[in-house]
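>>> Provided below for reference: sequence and predicted model.
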Amino acid sequence: MKGMVFTEFLELVEDRFGLEDADAIIEASGSEHGGSYTAVGNYDYKEMVHMVVALSERSGIAIEDLLHVFGEHLFTVFHRKYGNFFEGVESAIEFLGSIEDTIHVEVRKLYPDAELPSFAYPERSDTRLIMDYQSTRPLAHFAYGLINGCVKHFGAPLKVEMQDLSDGAGTHARFTLEQAAA
Ligand code: HEM
């Protein structure tokens, strides 16, 4: 998993929970590199899972909720860092519908070692999108947060529902997005 994901996560933890918590969860990551994450490095995604579990234990906030908040936050970071991906895109449905064939394809060119999920789109129109998340990593709630971050960014009201298709494992999920009635 890209170092940027780790450094952004730790910054968010420091901002919201303070330095002491950030240090404690780095310790819990079980990393063999002493917890010194750099944006350009690459780390085992399990270290991230360990940190989220530790933060959940310390804060009493559910793991799913932490992943969600982090996903929402990371979307604003992506928007800041990769502004060109947003050029000419007018809606959340348009943007989210292009992750598999455009956004993550470009990401793959930039970072050949990125660990990306796959998305299938069994249904899409201007007002409704169904996207199926599938990954070897259990990050469906992180995807949910990214999706919500995207919906907030574009501002138009969309209802988003998540249905886990992996018995709660978070590796396969369906997201249904629908324009809210005016
Ligand atoms: C400008 C927009 C985006 C950029 C630049 C981007 C970039 C990336 C990068 C670099 C990673 C790989 C990190 C690694 O190697 O671990 C990643 C992973 C991921 N991306 Fe995107 N992404 C974008 C938008 C989105 C959106 C809107 C979603 C919404 C569903 C999404 C879903 C995910 C998920 C869930 C992962 C984690 C890996 C996994 O679940 O297996 N991405 N993305």
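That came through fine.
>>> Glu90: neighbour count?
Counted with other CB atoms under 10 Å, the neighbours of Glu90 add up to 10. C-beta coordinates here come from the backbone N, C-alpha and C atoms, glycine included.
>>> got the contact list for it?
Counting by CB atoms under 8 Å, 6 or more residues apart in numbering, Glu90 makes contact with Phe154.
>>> next SSE after the helix or strand that contains Ile25?
Using DSSP states H and E, Ile25 sits in helix 19-28. On the C-terminal side of helix 19-28, the closest following helix or strand by DSSP H and E is helix 45-59.
>>> give the buried residues for that next one.
Within helix 45-59, the residues that qualify as buried are Tyr45, Glu47, Met48, Val49, His50, Met51, Val52, Ala54, Leu55, Ser56, counting by 16 or more other CB atoms under 10 Å.
>>> and the residue nearest to the second one when sequence neighbours are not counted, its phi and psi?
Think Glu47. The shortest distance from Glu47 to any non-neighbouring residue, by CB to CB, 6 or more residues apart in numbering, is to Ser29 (4.3 Å). Main-chain dihedrals, Ser29, degrees, to the nearest 10: phi -70, psi -20.
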